[in-house]
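Visitor: I would like to see how this sequence folds:
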Amino acid sequence: MMPLASERTGFTFDSQPILRWYISSGWPGKIVFTILENRNVEPLLETLIDGPQTEGIYEIDLKDYNISLKPDTEYEWFLAIILDPEERSADFLASATLQMMPASNKIRKHMALIPNDRLYFFYAHEGYWYNAIDHLSQLIKSHPEQTMYVEHRVQLLNQVHLQQAAEYDIKTRIKKVL
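Guide: Got it, this is the predicted structure:
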């Protein structure tokens, strides 16, 4: 299980981003999703989500939880599979950090000039990891026959050493189309 996130704090200009994660096999139980603001001890949110039935890339939309990120504040999000509630050191844990950084007027003007199907390049170049992965994921959903978008997400995942998630995309999306 791993968040689709950059190795360092990833940026987003959305106050309610969609967080994506990969799991290598189904999990029949619940998964604990937690988000912390600025390393606070008390979570901003801690909830149980259903474990997926199969391997795949899944998403958590912060809008569903009425969570809005504050600008220029770092957050850490966690996914945990609790194998034994009495022995929490056995938990399987994955985490990543993100920061909401509003896009400047200059960046917004530049974004307005870029064709929609190429925006993810710009987001990645400017360091908006979560926006880049989100935009690519949306393009993959809306154009499943276009392997180019999957190939670009694979490249983005490989750049941050998320090879298992990249291999999943190759195995299930590119080879299926070919």
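
Visitor: What mean pLDDT does stretch 170-178 get?
Guide: For stretch 170-178, mean pLDDT rounds to 71.

Visitor: Look up which residues are beta-bridged to the nearest residue to Ile57 once chain neighbours are set aside.
Guide: Closest residue in space to Ile57, ignoring its immediate chain neighbours: Tyr22 at 5.1 Å, by C-beta to C-beta, 6 or more residues apart in numbering. The C-beta positions use only the backbone N, C-alpha and C, and glycine is treated the same way. Beta-bridge partners recorded for Tyr22 (DSSP bridges): Met2, Ile57.

Visitor: So Tyr22 sits against Glu167, correct?
Guide: No - if you go by C-beta atoms under 8 Å, Tyr22 and Glu167 don't touch, sitting 9.9 Å apart.

Visitor: The two: which has the busier surroundings?
Guide: Tyr22 (21 against 15; other C-beta atoms under 10 Å).

Visitor: if I look at that one, how far off is Trp129?
Guide: To Trp129, Tyr22 is 15 Å away according to C-beta to C-beta, to the nearest Å.

Visitor: Spatially central residue in this protein, please.
Guide: Arg20 (2.9 Å; C-alpha atoms, centre = their mean).

Visitor: Can you tell me the closest non-neighbouring residue to that one?
Guide: Nearest non-adjacent residue to Arg20, counting by C-beta to C-beta, 6+ apart: Leu4, 4.2 Å away.

Visitor: where are the low-confidence patches of the chain?
Guide: Within the chain, the segments meeting pLDDT under 70 span 175-178.

Visitor: now the strands for it?
Guide: 2-3, 10-12, 18-23, 30-37, 45-50, 56-61, 74-81, 92-100 (DSSP state E).

Visitor: and the first one, what other elements does it pack with?
Guide: In this case it means strand 2-3. strand 18-23, strand 92-100 (3 or more C-beta pairs under 8 Å, 6 or more residues apart in numbering; DSSP states H and E).

Visitor: Pick the most deeply packed of these.
Guide: strand 18-23 (a mean of 21; mean count of other C-beta atoms under 10 Å).

Visitor: Could you give the separation of it from the chain centroid?
Guide: With C-alpha atoms, centre = their mean, to the nearest Å as the basis, strand 18-23 stands 4 Å off its chain's centre.

Visitor: I figured the residue nearest to the centre of the chain hits His135, correct?
Guide: No - the pair Arg20 / His135 is not scored as a contact, 11.6 Å apart, by C-beta under 8 Å.
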